[in-house]
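Trainee: okay, structure incoming, though there's no sequence with it:
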């Protein structure tokens, strides 16, 4: 996940969307005489619900953004992705303005650095013969990667622009991951995925991969068990890990998944098909898995950035 590697990127995405959308919201509020300050703002909750985590399905691009604009009373046509420019009063015009604004914010703040442990982690993977892929749901993905210190250490990269060209959906099934893994000649079951957030992904889509990790923060309302039920094998918190750590996590996840599957089969045969072990796989429990480096394995980094 490019967001697990680069500092502050989600804050920059949010600020760029605010800079683009709030003038539209304010113009609408002024016309209608709406004095409520909230009518003119893009809240963090609205950004997360309608922009960042809203599924982008083929043929239904930017439906979340369109819903947000409708809520705010702003009606814009979708427009044309080829001919529309930053000055176009269309959805694609907004996208173009946001792309430019995001890059201006990042360049002005000059802080597209790596998170703690990221550089050492990727270096360790490569020294151990594990290929590194990176996936982003942002149209700015390639630009961000080029600005980062790890550009020359990524073996394959796909972002929203190239994903659109390939006809791939990022969520809910995570088709970007499959494409990236195939380009690295890695079967899904031999692939490790590291996510910043699992929101919007299906459990079935994630569990096709050999190991799913997240750096997502947990709290009382958003627990480790919740993330595991969503398809995560382990919450790692940060990238201060090594290839040897991944070996252990990979083995534990394989063993636990095998154990969970056995329990489900037993329950289905003896108890009327009730649900057993409906939660997600964890890394606790016995081995039985095959070490990553016993066969060709790749590290796929998948993106959770806002849609542009």
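Mentor: Happy to help now that I have it. Only a predicted model underlies this, so the values are computations on that prediction, with no experimental measurement involved.

Trainee: quick check: the gap between residue 218 and residue 225.
Mentor: 9 Å (Cβ to Cβ, to the nearest Å). From N, CA and C alone the C-beta is placed, and that goes for glycine too.

Trainee: now do residue 156
Mentor: Distance of residue 156 to residue 225, given as Cβ to Cβ: 33 Å.

Trainee: who's more crowded, those two?
Mentor: More neighbours sit around residue 156 than around the other of residue 156 and residue 225, counting by other Cβ atoms under 10 Å; the figures are 17 against 13.

Trainee: who does the more buried one form a beta bridge with?
Mentor: Per DSSP bridges, the residues bridged to residue 156 are residue 133.

Trainee: contacting residues around it?
Mentor: By Cβ atoms under 8 Å, 6 or more residues apart in numbering, the contact list for residue 156 reads 131, 133-134, 180, 183-184.

Trainee: tally of neighbours for the residue nearest to residue 216 when sequence neighbours are not counted?
Mentor: Counting by Cβ to Cβ, 6 or more residues apart in numbering, the nearest residue to residue 216 once its immediate chain neighbours are dropped is residue 197, at 5.2 Å. Summarising burial for residue 197: neighbours were counted as other Cβ under 10 Å, giving 21.

Trainee: and for residue 241?
Mentor: Residue 241 is flanked by 19 other residues according to other Cβ under 10 Å.

Trainee: got it, and residue 35?
Mentor: Each residue near residue 35 was counted by other Cβ under 10 Å, and the total is 9.

Trainee: ok, residue 9 next?
Mentor: Other residues near residue 9 number 28, with proximity taken as other Cβ under 10 Å.

Trainee: do residue 153 as well
Mentor: Taking other Cβ under 10 Å as the neighbour definition, residue 153 ends up with a count of 14.

Trainee: verify the stated contact: it with residue 121.
Mentor: No: between residue 153 and residue 121 no contact is recorded; they are 10.4 Å apart, counting by Cβ atoms under 8 Å.

Trainee: any idea which helix or strand carries residue 163?
Mentor: Using DSSP states H and E, the element containing residue 163 is helix 160-166.

Trainee: packing partners of that helix?
Mentor: Contact here means 3 or more Cβ pairs under 8 Å, 6 or more residues apart in numbering; DSSP states H and E; on that basis helix 160-166 packs against helix 141-147, helix 175-183.

Trainee: deepest in the core, which of those is it.
Mentor: With neighbours defined as mean count of other Cβ atoms under 10 Å, these peak in mean count at helix 175-183, which reaches a mean of 22.

Trainee: I'd like the average pLDDT over the helix or strand following it.
Mentor: Downstream of helix 175-183, the next assigned helix or strand under DSSP H and E is strand 191-195. Per-residue confidence for strand 191-195 averages out to 94 on the pLDDT scale.

Trainee: all strands in this structure, in order from the N-terminus.
Mentor: Counting by DSSP state E, residue ranges of the strands within the chain are 131-135, 156-158, 191-195, 211-214, 234-235, 298-301.

Trainee: partner strands of the fifth one and their direction?
Mentor: Put plainly, it is strand 234-235. Using DSSP bridges, the neighbouring strands of strand 234-235 in the sheet come out as strand 211-214 (parallel).
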